[in-house]
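S.K.: need coordinates for the below:
(2 chains)
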Amino acid sequence: MQSEGLLPGFRFGGKEPLVVAGLSPSRLAMRRLRHNVVALAFGGMFLVVAALCFMAPLYARYVAHTGPNDNHVMETIVIGGHRVDVVSPIGIPIGPTWHSRFFFGADFNGRDLAVRLLYGGRNSLVIGFSATAITIVCALVIALLAGYYRGWVDIVLTRFLDLLWAYPAVLLGVAIGTSLVLGGLSIGPLHVSGNSLYVPAVIIGFVNIPYVAKPIRGEVLLLREREFVDAARVLGLNPLRIIFSEILPNLSSTIIVFVPLMIANSILLEAGLSYLGAGVQPPNASWGTMISSGVEYITSSPYLVLVPGITLIVAVLGINVFGDGLRDALDPRAAISKAH
Amino acid sequence: MANNRKKWASLAAVLCTSAMAITAISVGSANASASRTGKSAVVNGGTATVDMPGYPNSLDPQEGYTLNAGEADWIVYTPLLTYVHKSGLAGTQIIPGLATALPVVTDNGTTYTLTLRKGLEYSNGAAVVASDFKFAVERALKLNWGASSFLLVIQGAAAYQSGHASTLTGITTDDATGRITIKLTSSYGAFDNVLCFPALSPVPQTTPMTVQTTHLPPGVGAYVIENIVPDVSFDLVKNPLFAKFHIPGIPLGHLNEIEVSVDSNSVSAAEAVLDNQVDAFDVTGNIPPSLLGTVESRASSRFAKVIVASTDYFFLNESMPPFNNEQARIAVSYAVDRNALARLGGGFTVPDCYFVPVGIPGHPTSPCPYPSPNLAKAKALVKAAHLVGTKVSVYGWSQSPGEAQVEYYASVLTNIGFKVDLKIINPSIYWSTIGNVKTGAQTGIAGQFLDFPNPGDFFLLLDARNIHPVNSDNFGNVDDPHLQATIESLEKVPASQLASVAKQWAALSVYAAQKVLAYTWGSSQLPEFLSNRIDFKTAVFQPLFMDDWSSWELNS
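M.R.: Sure, this is the predicted structure:
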């Protein structure tokens, strides 16, 4: 029985045969990634934030004993033996208590900031992931069709991307978001209300399409000229089969690199749109809306901006650095010494 | 490894920089220098500066309608009648302005006769004639001035505004004698108040029938508006001609110049006045709650919260479920805590449950009909009316403190069993959105500052005659027969006899509160906040036009 990767009968100067472990590109990439401690640490940091956010209902129910939209304007709590207003008579909310209730303090409506931070994070992440999925799927379809068929299909689709690209993403997002706040989004029989999380997800997913579709289209243009694609054509495979069985698998590493970067980008864009009032709609929280509504109170209650702001930085930095590491790992020209 | 260290260092740098930047902003406000409260004799002349949160909708007298437009236009364009330049209730008294006396009212309150003072000149030296008044009214109608609906009571006004008549038939003038006769379609007791709007002050008949932004028509007033940079700034400069007219009750102004600039950042605007870098924080701005404590403690001698006759309320659309059901409206009244809404108003709201506010004849003194908060009672009412789970669209604007108040309101409606769809929209499109019947707004935040000191001005918002397909003022589509009949009867009583029907207006206010035709929760207070350069004691806070800039004097 011969082990995998052993070169049969090959000898170096009469010594025992050299055994070389032949690894697949994905295993090589994983090995490189495992050695990139910084990327893994930041990836872990993002996962911790994400896990905490997805446990928001547990925290709200068993620790804070309040929901994300529950107002406590006229309530008081006991801190250090003293009864304190959750919101003062002139509208200043309580600061961090470091207790189970109002751990990070309250917002101007007397809502528990820690609970809203976690629910807001969950909303931001759901939008980030959903928007990325929309972007990747739409961008892939456009890039595959435009790159493979070329000709008028390419011209029409590329001009559409150019048109989309011509508008600054935030401006386009604000324009679409503002117009959808009132009436919601109707696509055929499907209706999404104006304050649904899917509205900002669709907007962000839509405005990000050119940023992914353009480079992938370029790669498809190169791949369609490769020998294995010619061979598939000669074998009589139809274009759709060639696209999905020959070209798409070869785009996987590019897509994998795009995913974390687009998630980070989508979370940031969501925060920006929500800050400008065109993203997540009240009373739902997101990190962007929390920062936006806290700005007015920054002199008296800086934690209203600092807490969601720092969490946003940690989450985006985490997934961005991890994404960089993933790109390095998937790059076949990366330093061999790192891999072995 | 070095690479890793760089990345950790970058992270630390990003976090530290963010924290330091935000801390620096916080510390900046805390380091604001202490105010001087010393007081000495006042001097004439000089210049004062004002920070406004937004530019007036227009400075053109026949187009300006917002509070900040009124502040400027009131002392530039004097109408035939005007209000006394005094603070508080005294400031609601009507006195002759460019007219020689109060109007003579005849024909069962449908004919008003006035006479223009002799020898009046505009700020450019041109003579004022009686027909200029008619031209001003025609111009206000043609420019669709924000309150032009008040003018439609004049005979022929509707036909003139719609283009079906070439002149306004209800006003006749005699330039030789200065006599002005106004005929109304029906008696309207508040018409004296309508004549006090700066929009009805005469302007030369050479003024274009289009809104003027930088080349305003000349007026007759203590000041002239100059150096206009639209949306940025304008100056009020003393009108040297005004002194020779000797109009009793209208001050000539002490300052030579008032420089008004727009500063949309309420924090920096309030800090500038606190530090005496700017002389006035305009009343139309909100002092942020974060600064209120500092302002109250460090500038107590030059800061006051002044209650203004205003009504803050949530309209309840009575033309559709669930608020076409009186039990649902009563449930709202039980559930909402007015003190919570006042607290969210940053200490600038005074809780109240009556539609006619404090300071206006017709404000009841009886306790509120539905003591609140009583969530259990409210939930029981909603359940008994089989309205649990009914969808309710709640409208609010994206501006503090209204946004926080409407979020609280939405949470209360959710608590008592409604399925709330909260819609927070830009303030610039808010009124047209909720005033459009097609929007189908079921409830939302609204408010009314007095146009004139008459209960009829507030009940306009519950008057069925103000239900229109677009730009409706009756947002709740209230069409109550008893309310309507009483309004139409009481509104005929002249402003001078208002006290005689105050009890009837008060009874109507109680009726509206019992039926919860709108959920009223309070009146607003506005900030009167000046630098220590201006004599705070003599500064007038007029109940209709707010900061009376013509009363300001500099401390020596």
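S.K.: mind checking how far the residue nearest the centre of chain B is from B:Asn57?
M.R.: Per C-alpha atoms, centre = their mean, the C-alpha nearest to the average position across chain B is that of B:Phe449, at 4.0 Å. Shown here: B:Phe449 relative to B:Asn57, a distance of 14 Å by C-beta to C-beta, to the nearest Å. (C-beta placed from N, C-alpha, C; glycine too.)
S.K.: could you do A:Phe54 as well?
M.R.: On the measure of C-beta to C-beta, A:Phe54 and B:Asn57 end up 48 Å apart.
S.K.: around chain A, which positions in the stretch 301-450 of chain B sit nearby?
M.R.: Residues of the stretch 301-450 of chain B that fall close to chain A, judged by C-beta under 8 Å from any C-beta of the partner chain: B:337, B:339-340, B:343-347, B:398, B:400-401, B:403-404, B:407-408, B:410-412, B:414, B:421-426, B:433, B:439.
S.K.: repeat that for 7 Å
M.R.: Residues of the stretch 301-450 of chain B found near chain A, taking C-beta under 7 Å from any C-beta of the partner chain as the criterion, are B:337, B:339-340, B:343-344, B:346-347, B:398, B:400, B:404, B:407-408, B:410-411, B:421-425.
S.K.: longest helix in chain A, please.
M.R.: For chain A, the helix with the greatest residue count under DSSP state H is helix A:113-149.
S.K.: other SSEs contacting it?
M.R.: Secondary-structure packing of helix A:113-149 (3 or more C-beta pairs under 7 Å, 6 or more residues apart in numbering or on different chains; DSSP states H and E): helix A:37-54, helix A:56-58, helix A:151-166, helix A:198-207, helix A:209-223, helix A:252-275, helix A:287-294, helix A:303-330.
S.K.: which residues touch residue 237?
M.R.: Using chain A. Neighbouring residues of A:Leu237 by C-beta atoms under 7 Å, 6 or more residues apart in numbering or on different chains: there are none.
S.K.: try chain B instead
M.R.: B:Val237 neighbours (C-beta under 7 Å, 6+ apart): B:223-224, B:226, B:257.
S.K.: 8 Å instead?
M.R.: The contact partners of B:Val237, by C-beta atoms under 8 Å, 6 or more residues apart in numbering or on different chains, come to B:223-226, B:256-257.
S.K.: report pLDDT for it.
M.R.: pLDDT, B:Val237: 97.
S.K.: ok, B:Val382 next?
M.R.: 97.
S.K.: how much space separates the residue positioned nearest the centre of chain A from A:Ala315?
M.R.: In chain A, the centroid-proximal residue (C-alpha atoms, centre = their mean) is A:Ile263; its distance is 1.5 Å. According to C-beta to C-beta, A:Ile263 stands 9 Å off from A:Ala315.
S.K.: what's the answer for B:Ile425, then?
M.R.: B:Ile425 is 29 Å from A:Ala315, where distance means C-beta to C-beta.
S.K.: for the residue of chain A found nearest chain B, what are its contacts?
M.R.: Here the residue of chain A nearest chain B is A:Ser300; by C-beta to the nearest C-beta that distance is 3.3 Å. Each residue near A:Ser300 by C-beta under 8 Å, 6+ apart is listed here: A:92, B:289-291, B:293.
S.K.: just B:Val220 next, same as before
M.R.: Here B:Val220 is in contact with B:77-78, B:98, B:120-123, B:128, B:201-202, B:242, B:245 (C-beta under 8 Å, 6+ apart).
S.K.: where does the prediction get shaky in the chain?
M.R.: Let's take chain A. For chain A, applying pLDDT under 70 flags the ranges A:1-21, A:332-340.
S.K.: the chain in question should be chain B.
M.R.: Using pLDDT under 70, chain B drops low at B:1-43.
S.K.: look up phi and psi at the residue nearest to B:Asn317 when sequence neighbours are not counted.
M.R.: Nearest residue to B:Asn317, sequence neighbours excluded (C-beta to C-beta, 6 or more residues apart in numbering or on different chains): B:Gln442, at 4.8 Å. For B:Gln442, the backbone dihedrals (degrees, to the nearest 10) come out as phi -90, psi -30.
S.K.: tell me the spacing between B:Gln442 and chain A.
M.R.: 14 Å (C-beta to the nearest C-beta, to the nearest Å).
S.K.: what's the answer for B:Asn436, then?
M.R.: Separation of B:Asn436 from chain A (C-beta to the nearest C-beta) stands at 11 Å.
S.K.: go on, B:His468?
M.R.: 20 Å.
S.K.: for the lengthiest strand in chain B, packing partners?
M.R.: The single longest strand within chain B, with elements called by DSSP state E, is strand B:518-530. Applying 3 or more C-beta pairs under 8 Å, 6 or more residues apart in numbering or on different chains; DSSP states H and E, one finds that strand B:518-530 contacts helix B:266-274, strand B:280-281, strand B:303-307, strand B:310-316, helix B:326-335, helix B:338-344, strand B:349-351, strand B:443-449.
S.K.: please work out which of these is packed deepest.
M.R.: With neighbours taken as mean count of other C-beta atoms under 10 Å in any protein chain shown, these reach their highest mean count in strand B:280-281, at a mean of 28.
S.K.: by proximity to chain A, which residue of chain B wins?
M.R.: Nearest to chain A, among the residues of chain B, is B:Ser290, at 3.3 Å (C-beta to the nearest C-beta).
S.K.: isn't that residue right next to A:Ile92, touching?
M.R.: Yes. With contact defined as C-beta atoms under 8 Å, B:Ser290 counts as touching A:Ile92 (6.9 Å).
S.K.: what sits in contact with each of those two?
M.R.: Contact criterion C-beta under 8 Å, 6+ apart; residues shared by B:Ser290 and A:Ile92: A:297, A:300-301.
S.K.: got the domain ranges for chain B?
M.R.: B:47-243, B:310-526 (automatic domain parsing).
S.K.: give the buried residues for stretch B:429-444.
M.R.: By neighbour count on 16 or more other C-beta atoms under 10 Å in any protein chain shown, the buried set for stretch B:429-444 is B:430, B:433-437, B:439, B:441-444.
S.K.: can I get stretch B:297-310 as CSV, trimmed to CA atoms?
M.R.: C-alpha atoms of stretch B:297-310 as CSV (Å, rounded to 0.1, in the frame of the first residue of the first chain):
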residue,chain,number,x,y,z
SER,B,297,-26.6,77.2,37.1
ARG,B,298,-24.1,79.5,35.4
ALA,B,299,-26.4,81.9,33.6
SER,B,300,-29.4,82.0,35.9
SER,B,301,-29.6,85.8,35.7
ARG,B,302,-29.9,85.8,31.9
PHE,B,303,-31.9,82.6,31.3
ALA,B,304,-35.6,81.8,31.7
LYS,B,305,-38.0,79.2,30.5
VAL,B,306,-41.1,81.1,29.3
ILE,B,307,-44.3,79.3,28.8
VAL,B,308,-46.0,80.1,25.5
ALA,B,309,-49.6,79.6,24.6
SER,B,310,-49.2,76.3,22.6
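S.K.: in three-state terms, label B:Cys196 for me.
M.R.: Using DSSP: H, G, I helix; E, B strand; the rest coil, the structure places B:Cys196 in coil.
S.K.: determine the number of other residues adjacent to it.
M.R.: By other C-beta atoms under 10 Å in any protein chain shown, 26 other residues sit near B:Cys196.
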